[in-house]
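Peer 1: Take a look and give me a structure for this.
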Amino acid sequence: MEYIKVTKDNLEQEHICCAISNNKDIQVASKKAWLADRFDEGLVFLKSAERGKCFIEYIPAENAWVPIDADGYMYIDCLWVSGSFKGHGYSSDLLNACIEDSKEKGKKGLCILSSAKKKPFLADPKFLKYKGFEVCDEADNGIQLMYLPFDKKAKVPSIKECAKHPHIDEKGYVLYYTNQCPFNAKYVPVLEETAKKNQITFKAVKIQTKDEAQSAPTPVTTYAFFCDGEYVTNEQMNDKKFLKLIGK
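Peer 2: Next up is the predicted model:
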């Protein structure tokens with residue numbers, strides 16, 4: 001498999017969105033704009049030369065849009081290999097490339113969000129454990145921070161206190177999200193319109209800066225859905241899933 005590193009220079013020409021073929025789609029545009037602002041912060045986006053769900057995205061943990069303490073580590077935003085690409089060792093290829101690059105940059109190790117049981121849009125814990133990752137912290141909602149240290153003496157990463165006990169004070173349905181996930185550009189407005197039509201109390205809170213993300217009330221910032229203050233899910237929803245979830 002041939003891999004391509006997406007940079008500022010080739011971002012506009014490259015296909016970067018996992019499940020969206022049209023490069024002019026609003027979802028692609030929002031993701032590319034988010035990426036463009038991250039490259040100077042050390043973000044790396046490595047993908048298969050062929051179109052499809054086969055890529056890894058990582059960034060120095062100090063610049064990651066998640067509420068963790070992991071100075072000196074590299075944080076993996078997303079490692080996604082799916083569809084016809086599964087079963088060929090591409091996940092290992094991408095992870096190994098990340099490990100090699102991170103070691104060359106003098107990082108202490110890698111860290112990534114997962115869960116005890118596989119959750120949508122989170123890394124597979126079985127694969128991570130097979131590759132040597134260990135759980136180093138866990139929030140009350142079952143989201144786990146896993147790490148792969150290059151030096152066993154390195155300080156262990158942790159989830160920030162603001163996100164350890166996911167809860168907000170607002171009533172009704174509240175969604176926190178970022179443009180890191182391209183699907184939000186399409187489906188967050190769908191939820192807003194669906195809530196309005198059905199007279200559902202709903203608020204979408206767009207996290208727009210690294211500082212906001214690093215002080216979020218839950219480890220997963222790409223998509224965090226709350227009901228009456230309590231965390232519900234990190235799985236993106238269309239109108240039907242949304243109405244089913246709230247019992248409408």
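
Peer 1: going forward, measure contacts between C-alpha atoms and count neighbours the same way
Peer 2: Fine.

Peer 1: Extract the C-alpha trace of the helix or strand bottoming out on mean pLDDT in the chain and format it as PDB.
Peer 2: Of all helical and strand segments in the chain, the minimum by mean pLDDT, DSSP states H and E falls on helix 26-38, at a mean of 92. What follows is helix 26-38, C-alpha atoms only, in PDB (Å, rounded to 0.1, in the frame of the first residue of the first chain):
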ATOM      1  CA  ILE A  26     -19.600  21.100   3.100                       C
ATOM      2  CA  GLN A  27     -18.400  18.300   5.400                       C
ATOM      3  CA  VAL A  28     -15.100  18.100   3.500                       C
ATOM      4  CA  ALA A  29     -14.700  21.900   3.400                       C
ATOM      5  CA  SER A  30     -15.200  22.100   7.200                       C
ATOM      6  CA  LYS A  31     -12.700  19.300   7.900                       C
ATOM      7  CA  LYS A  32     -10.100  20.800   5.500                       C
ATOM      8  CA  ALA A  33     -10.400  24.200   7.100                       C
ATOM      9  CA  TRP A  34      -9.900  22.600  10.600                       C
ATOM     10  CA  LEU A  35      -6.800  20.700   9.300                       C
ATOM     11  CA  ALA A  36      -5.300  23.700   7.700                       C
ATOM     12  CA  ASP A  37      -5.200  25.500  11.000                       C
ATOM     13  CA  ARG A  38      -3.600  22.400  12.800                       C
END
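
Peer 1: Can you check what angle separates the helix or strand just after that helix from helix 26-38?
Peer 2: Using DSSP states H and E, the next helix or strand after helix 26-38 towards the C-terminus is strand 44-48. With axes from the mean of the first three to the mean of the last three C-alpha atoms, to 10 degrees as the basis, strand 44-48 and helix 26-38 are set at 140 degrees to each other.

Peer 1: got the CA coordinates for strand 44-48 in PDB?
Peer 2: Provided in PDB are the C-alpha atoms of strand 44-48 (Å, rounded to 0.1, in the frame of the first residue of the first chain):
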ATOM      1  CA  VAL A  44       0.100  14.800  10.800                       C
ATOM      2  CA  PHE A  45      -2.500  13.300   8.400                       C
ATOM      3  CA  LEU A  46      -1.300  10.100   6.700                       C
ATOM      4  CA  LYS A  47      -3.700   8.200   4.400                       C
ATOM      5  CA  SER A  48      -3.800   5.500   1.700                       C
END
